[in-house]
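> Kindly generate the corresponding structure for this input.
(2 chains)
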Amino acid sequence: MLAAILLFSDFAEDNPYFRITAKDVEFKIPKGFPKPVYDFKNNKLSPQAFVLGRRLFYDPILSKDSSTSCTSCHQRIATFAHIDHPLSHGINSLIGKRNVPAIQNVVWGESFMWDGGVNNLEVQPLSPITNHVEMGEDLAGVMKKLKRNSYYRKAFKEAFGDTLISSERMLKAIAQFTGMMVSANSKYDRFIRHEDTLSQIEFNGLMVFREKCAKCHREPLFTDESFKSSGLYPDSSLLDKGRAIITGRSNDEYTFKVPSLRNIERTYPYMHDGRFRNLDQVLEHYAKGDFFMVNIRPELLEARNISTLEKKEIIAFLKTLTDNDFLYDRRFADPTY
Amino acid sequence: MFRILSKKCCLIFAIIPALVLLMSFKPLPAKSKLIIHFENYVGIRKLALDTATYINEMGQSYTVTNFKYYISNIELEYQNSKKSFVVQGSYLIRQDEENTWTVELDEIPADSYRNISFMIGVDSLHNCSGAQSGALDPVNGMFWTWNTGYIFMKFEGKSPASKSPGRIFEYHIGGYKEPTNFIRSTTLSFEKEAMTMIAAKTTQLYIKTDASKILKGSNTIDFSKMSSVTDFHYADKIADNYVNMFSIIRFSNEW
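Residues are numbered from 1 along each chain as shown, chains lettered A, B, ... in the order given. Sure thing, here's the model as predicted:
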């Protein structure tokens, strides 16, 4: 009986809702999008590897005490960010230093993390897995646990053709899962493709946005992948110097990766330390222009003097970036329930 | 006329098979095998983890608990030309695993070589290549996850002079991007006589790695002042020391 239950729970992938076909793992560059940075050529997409990556993403087995999975912080309803949590959480109720970033359109990412410390999509999961305030596990420990697990022994064989369970295969499988997370069908996207219309206030918002915000939050990805200061006064308890931690350059101090604004409605709170609860507060910060003046770029100063009406218009526009097709895509749902 | 032609034909018919036969017997480009033995020392003593006590240039005693380093892209320079034979790839030498102390290179042209060069660390391409296996599997504990890249050299131990908790010292050197590029290369020459490799035979090359040189040379390391280097701060001081830790002991050919 128990065995039957275990067997059943191990194969949620057999449920039609979770089943992944070859068509589900076809990667197509959305119209108007640039060529991706990450190339699936060296990590051939397959339903089996995608399913393995999805299972790993949702499985707390990757953490030291089997309490925390990737999805503990990266929630599907929040574009895989963490709703209502300014700073990341982890094992033993520890709290991290930065706000959980969303996971979407990562194949276009030139670097990862707020400080850009990670240079390749495939090795990104190593950072949270080994961070002592996140999952706190070491890679050898993860490998040992996976090799002992009958589900993974079967899943690795199905995905890669033989029974070898290695960090390379684990990371490639996770990269297939996260790499397929493409958001390109918001109201904004349909508007650009002439398939939908924006309301007057949304359209006005797009115009103001293009004038004041789009230099860094560049369309269509809504980030130019650069590191900029948003003019926030550093939090005195975090003392986070951002990009400079990686490069050691003083002109990178207090700069952080420009985040994409896609699905921004779902990823609150905002900024690298999650200090703003809502978009009003974010826009108010830029409009007010009381900036911490270290490594400020001229484009930030130009963004000042946003009127009250313009703020409303920008926010109305930003909400057209919510992509329900992506947020409710069954391929990315949790198969471990 | 006919007879001449037939004679010629006969000749051609005789030559072609002979040529074919000759070509089939033509030896393949002569290859030999090189086995490089990295022997880790501290000064004149073989390195022993945990049990042996050593003294640095400052007169501070220490023990070693961990020593690992990457060797990459080994190059052999031909004796008779300025060209080199290059073997792409990375090898991790770790003191705690004896089977990593030798590097076996098959398919080395049988020739005479003037010197051997290699990189201490991992080249920039392989620092950016995502998930990898073998020597470059992050499971080896030589990979930084917060700032992607391999740790080229890890040297850890304890010294009463250290002011760190547990009296430890730890030097983790990595970084492949300017201005924090700590990839170093070394060239060791076969001064007295060229290393001649013989076809289908194995040559053994013994290289001494003197870990004491991590702490001296360009910069004398004082455990009481610098017990921990685990990012780019002061990494150049250690890297500029350890680039000189290698020397050739000897080589020998199998006859």
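> Toward the C-terminus from the strand or helix carrying residue A:48, list the very next helix or strand.
In this structure, residue A:48 sits in helix A:47-57 according to DSSP states H and E. Downstream of helix A:47-57, the next assigned helix or strand under DSSP H and E is helix A:70-73.
> check whether the very next helix or strand once past that next one contacts chain B.
As assigned by DSSP H and E, the chain's next helix or strand after helix A:70-73 is helix A:126-130. Yes: using C-beta under 8 Å from any C-beta of the partner chain, helix A:126-130 comes into contact with chain B via A:126, A:127, A:129, A:130. Where you see a C-beta, it was placed from the backbone N, CA and C, and this is true even at glycine.
> then the helix holding residue A:48 to CSV, C-alphas only?
Coordinates of the C-alpha atoms in helix A:47-57 are reproduced here as CSV (Å, rounded to 0.1, in the frame of the first residue of the first chain):
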residue,chain,number,x,y,z
PRO,A,47,11.0,16.3,-22.2
GLN,A,48,12.9,14.0,-19.9
ALA,A,49,15.6,16.4,-19.0
PHE,A,50,13.1,19.3,-18.6
VAL,A,51,11.0,17.1,-16.3
LEU,A,52,14.1,16.2,-14.2
GLY,A,53,15.0,19.9,-14.0
ARG,A,54,11.5,20.8,-12.9
ARG,A,55,11.5,18.1,-10.2
LEU,A,56,14.8,19.3,-8.9
PHE,A,57,13.6,22.9,-8.8
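> From the contact count, pick out the helices and strands touching it.
Helices and strands touching helix A:47-57, by 3 or more C-beta pairs under 8 Å, 6 or more residues apart in numbering or on different chains; DSSP states H and E, are helix A:70-73, helix A:150-160, helix A:167-179.
> For the stretch 151-300 of chain A, list the residues in contact with chain B, please.
A:166-172, A:175, A:245-249.
> Show me which residues of chain B sit near chain A.
Contacts of chain B with chain A, taken as C-beta under 8 Å from any C-beta, map to B:127-133, B:137-139, B:141, B:143, B:145-149, B:179-180, B:232-233.
> if we go to 10 Å?
Chain B comes close to chain A at residues B:127-134, B:136-141, B:143-149, B:175-180, B:231-233, as judged by C-beta under 10 Å from any C-beta of the partner chain.
> Now, those that are in strands?
Residues of those located in strands (DSSP state E): B:143, B:144, B:149, B:176, B:177, B:180.
> got a winner among those residues for most neighbours?
Ranked by the number of neighbours (other C-beta atoms under 10 Å in any protein chain shown), these place residue B:149 first, at 26 neighbours.
> excluding its backbone neighbours, what's nearest residue B:253?
What sits nearest to residue B:253 in space, not counting adjacent residues and going by C-beta to C-beta, 6 or more residues apart in numbering or on different chains, is residue B:203, at 5.2 Å.
> count of neighbours near the one you found?
Neighbours around residue B:203, by other C-beta under 10 Å: 21.
> Please give me every residue in contact with it.
B:32-36, B:105, B:108, B:110, B:113, B:195-197, B:251-254 (C-beta atoms under 10 Å, 6 or more residues apart in numbering or on different chains).
> And it, how far from residue A:295?
Plainly put, residue B:203 is 56 Å away from residue A:295 if you go by C-beta to C-beta, to the nearest Å.
> again, but for residue A:125
Counting by C-beta to C-beta, the gap from residue A:125 to residue A:295 is 30 Å.
> about what we covered before: nearest to chain A among the contacts of residue B:203?
residue B:105 (23.4 Å; C-beta to the nearest C-beta).
> you'd agree the residue nearest to residue B:253 is in a strand?
Yes: assessed with DSSP: H, G, I helix; E, B strand; the rest coil, residue B:203 lies in a strand.
> model confidence over the helix holding residue A:48, on average?
Averaging pLDDT along helix A:47-57 yields 95.
> tally of neighbours for residue B:219?
Applying other C-beta under 10 Å, we find 15 residues neighbouring residue B:219.
> now the chain, which segments are flagged as low pLDDT?
Reading this off chain A. When residues are selected by pLDDT under 70, those of chain A lie in A:1-12, A:90-94, A:132-137, A:337.
> wrong chain, I was asking about chain B
The model of chain B has pLDDT under 70 over residues B:1-28, B:255.
> All set now, cheers.
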